[in-house]
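**Student:** no sequence on this one, just coordinates:
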């Protein structure tokens, strides 16, 4: 007698799950893996083929650690070996090595690999952690973080007003929340710089008070505040609708003030939605380009963001530098997002 296979409670779940995994791999994991692979190839494009005697460095040269070369130096394949001697840096001093002392070496794959690593690690560190890159990372992460925090506060107020308070023209206001989604980022950037430039309506008033908005980190934060607000509002609205007013009314009937009801009842209940909105706004701020470049001023070491620096490296055909910065930013972003999720999860559990 044939044994009937137990049916899944969700018809088609296996096929839909498999399709989701495939599309996730093609659209997300595969591009990210190529970014990692391109970063790891730094240093392998100049693996050595020739050696000259005495020393460990000759010009742009690396030493093959895995082979006993009797303390010989390694020259790149494009070295000019047609002269009577070769200038080599031997222990920090330039010396001439006679051509007759040259020896050709065909390195093994293992030697080429470790030679590439030996060259690539310092190059990667230089490209990914030089002073200009670190300054751009500080500007990018700090402005995105502060903008996300402000969006969490302002977005919570707006979402609460849209759900609980009767406001004239509420539907129009609700539609305007999605305006940053619909507008091209370049238009948003032009509108922001027109508003906050020293000769703009808001920027001129701020200048009289001694406050400069455009072309400063403050201007970048305001731009990220504008494009990140919809993420917080749209994440909180469904949570507030599902929550209803019963818990809040019960807390206030027991003597709690509206602020206490918010702090002790509403906020802990909608904490997952708060986390989602904050993470989405923060992630969008990290990768924003079009809106920010107009108002940032793009001054190196001051208002230059990482996205612009990556584009600059690509325009200079420095693909290794661009991928090194991108991988560093990706790693830091993932670490921060996972850390934020862990913090809010633990905080939510402690409030229960």
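**Tutor:** Right, received. Where do you want to start? As the structure is a prediction and not an experimental result, all values here were calculated from the model.

**Student:** Is it correct that residue 281 is in contact with residue 234?
**Tutor:** No - if you go by Cβ atoms under 8 Å, residue 281 and residue 234 don't touch, sitting 10.5 Å apart. All C-beta atoms are positioned from the backbone trio N, CA, C, and that covers glycine.

**Student:** domains for the protein, by residue range?
**Tutor:** Domain ranges of the chain: 47-121, 131-351, per automatic domain parsing.

**Student:** May I see those organised as TSV, with mean neighbour count and distance to residue 14 added?
**Tutor:** Formatted as TSV, these follow (neighbours: other Cβ atoms under 10 Å; distance: least, Cβ to Cβ, whole Å):
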stretch	mean neighbour count	distance to residue 14
domain 47-121	15	41
domain 131-351	17	28
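
**Student:** hey, least reliable of the ones you listed by pLDDT?
**Tutor:** The stretch with the lowest mean pLDDT among the domains of the chain is domain 47-121, at a mean of 56.

**Student:** what helix or strand does residue 212 sit in?
**Tutor:** If you go by DSSP states H and E, residue 212 is not part of any helix or strand.

**Student:** isn't it right up against residue 198?
**Tutor:** Yes - at 7.2 Å, residue 212 and residue 198 qualify as touching, with contact defined as Cβ under 8 Å.

**Student:** and residue 131, how far is that from residue 144?
**Tutor:** If you measure residue 131 against residue 144 using Cβ to Cβ, to the nearest Å, the figure is 21 Å.

**Student:** What helices and strands are in contact with the strand or helix carrying residue 120?
**Tutor:** Applying DSSP H and E as the criterion places residue 120 in helix 109-128. If contacts are counted by 3 or more Cβ pairs under 8 Å, 6 or more residues apart in numbering; DSSP states H and E, helix 109-128 sits against helix 319-351.

**Student:** C-terminal to the helix holding residue 120, what's the next element?
**Tutor:** Next along from helix 109-128, by DSSP H and E: helix 131-164.

**Student:** what inclination does that following helix have with respect to helix 109-128?
**Tutor:** Calculated by axes from the mean of the first three to the mean of the last three Cα atoms, to 10 degrees, helix 131-164 forms an angle of 70 degrees with helix 109-128.

**Student:** For the helix or strand following helix 131-164, give me every contacting residue.
**Tutor:** Scanning forward in sequence from helix 131-164 by DSSP H and E, the next helix or strand is helix 170-176. Residues from elsewhere that reach helix 170-176 (Cβ atoms under 8 Å, 6 or more residues apart in numbering): 162, 167.

**Student:** This completes my enquiry, with thanks.
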